[in-house]
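J.: When you get a sec, could you give me coordinates for this:
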Amino acid sequence: MPEQHRNHAMTFIGSRRFAVMFAVFAVAVGGPAVAEPETASPWQDERTFDDPLPYPAGNAVEDERENGAAAIFYRAVTLHRDGMTAKALAAYDEIVRRFGSSPYPETRKWVIRALFNKGGTLFIQGRRAEAAAVYDEAERRFANDETLAVRQMLFGALLNKSMALMDDPRARIAILDRLDRRFSRDGSAGIRAWVVDVLNDKGMILNQLGRFDEAVAVFDDIDRRFGGDDAPVIREQVVKAFINKGIVLGTQGRHAEAAAVSDDIERRFGHETSAAIQEALAKALVNKGVALARQGRNDDAIAVYDDVDRRFARADTPAFREQVSRARNYKRGLETENKNRLPPKN
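T.: Predicted structure coming up:
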């Protein structure tokens, strides 16, 4: 098989990787948006947050406290943007010192936001142990808070702690398991989708550790527990688990099983119109072609690549264009190989 086709990689789909969650509150810090776990940076989710719980108006003390905490928070954001990191960290500490014992839900949101951004700032500076300690403080203070916005931030804090421990895969897995236990039955579909996201991460980490059967079991567990959920954001994560399962099988040389997983994806999700799911389907089909080619079934692989081209070539988004380009390139490689195998003319 020519190098062009033999050495290309089927692509994992895992947790989105993001910059610190400053963007939610007015400042964006750039970071990689990649699928591979080893390049992870602190967490920010691009999905729209669920609407916050209604705020009971008319409480003058609450209004004053919230406005004071908000003013300090945005001052910290501006300081960070202007490169005055030490002063930004001091401002976040001031919020926690002045408002950390507040019983008011709206004020408490600013406290966890301050801790979250403080941890992210420390992470960016390479001070990972200090960042992890800040996320621990957030958990101590807010573990029993039922406010939706606080639950969202606490999820992010725990996930960022796992990023701070990225040199210790087993410690990361332990935190991902804690996220699963704490949030897998959350009333917010968005938070449950994040749980599936981190379970995909767990499977990829196990794969990197060479614990292939355990990784496959994680992806199967995702389908068992969340495969019947109708929420689109959750179904998008479930189909990613299918793709990741197929790739783990492929890395073990179980190419027939990997191709069968792609067939399962098409059977289960092929009728859905979600752009994210259709993009995942295109990726799954290209991966199926790879699995077939690695079994020596070049003609079958070419037929799959032609199907990708026929179905997705007109879709004008980068994700679809990438998969169509992959399919065409791999097809050319196989056609060259088939041609080279013809007997010489007399």
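J.: so which strand or helix has residue 72?
T.: Element membership for residue 72 (DSSP states H and E) is helix 60-81.
J.: So residue 102: helix, strand or coil?
T.: coil (DSSP: H, G, I helix; E, B strand; the rest coil).
J.: Assign residue 230 to helix, strand or coil.
T.: coil.
J.: circling back to that earlier point, may I have the helix or strand that the helix holding residue 72 is followed by exported as PDB, CA atoms only?
T.: Moving toward the C-terminus from helix 60-81, the next helix or strand (DSSP H and E) is helix 85-99. Output of helix 85-99 as PDB, limited to C-alpha atoms (Å, rounded to 0.1, in the frame of the first residue of the first chain):
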ATOM      1  CA  THR A  85      -1.800  39.900  35.600                       C
ATOM      2  CA  ALA A  86      -0.700  40.300  39.200                       C
ATOM      3  CA  LYS A  87      -3.200  43.100  39.700                       C
ATOM      4  CA  ALA A  88      -5.900  41.000  38.000                       C
ATOM      5  CA  LEU A  89      -5.200  38.200  40.400                       C
ATOM      6  CA  ALA A  90      -5.400  40.600  43.400                       C
ATOM      7  CA  ALA A  91      -8.800  41.800  42.200                       C
ATOM      8  CA  TYR A  92     -10.100  38.300  41.900                       C
ATOM      9  CA  ASP A  93      -8.900  37.700  45.500                       C
ATOM     10  CA  GLU A  94     -10.700  40.900  46.600                       C
ATOM     11  CA  ILE A  95     -14.000  39.500  45.300                       C
ATOM     12  CA  VAL A  96     -13.600  36.300  47.200                       C
ATOM     13  CA  ARG A  97     -12.500  38.200  50.400                       C
ATOM     14  CA  ARG A  98     -15.300  40.700  50.300                       C
ATOM     15  CA  PHE A  99     -18.200  38.600  48.900                       C
END
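J.: Can you name the element that comes right after helix 85-99?
T.: Counting by DSSP H and E, the next helix or strand C-terminal to helix 85-99 is helix 105-124.
J.: what about that following helix, distance to the chain center?
T.: Offset of helix 105-124 from its chain centre (CA atoms, centre = their mean, to the nearest Å): 21 Å.
J.: What of stretch 250-258?
T.: Put simply, stretch 250-258 sits 24 Å off its chain's centre (CA atoms, centre = their mean).
J.: And that stretch, what's buried?
T.: Counting neighbours by 16 or more other CB atoms under 10 Å, one finds that the buried residues in stretch 250-258 are 250, 254, 255, 257, 258. The C-beta positions use only the backbone N, C-alpha and C, and glycine is treated the same way.
J.: Residue 137 is in what secondary structure piece?
T.: Using DSSP H and E, the element containing residue 137 is helix 128-142.
J.: Thanks again, I'm all set now.
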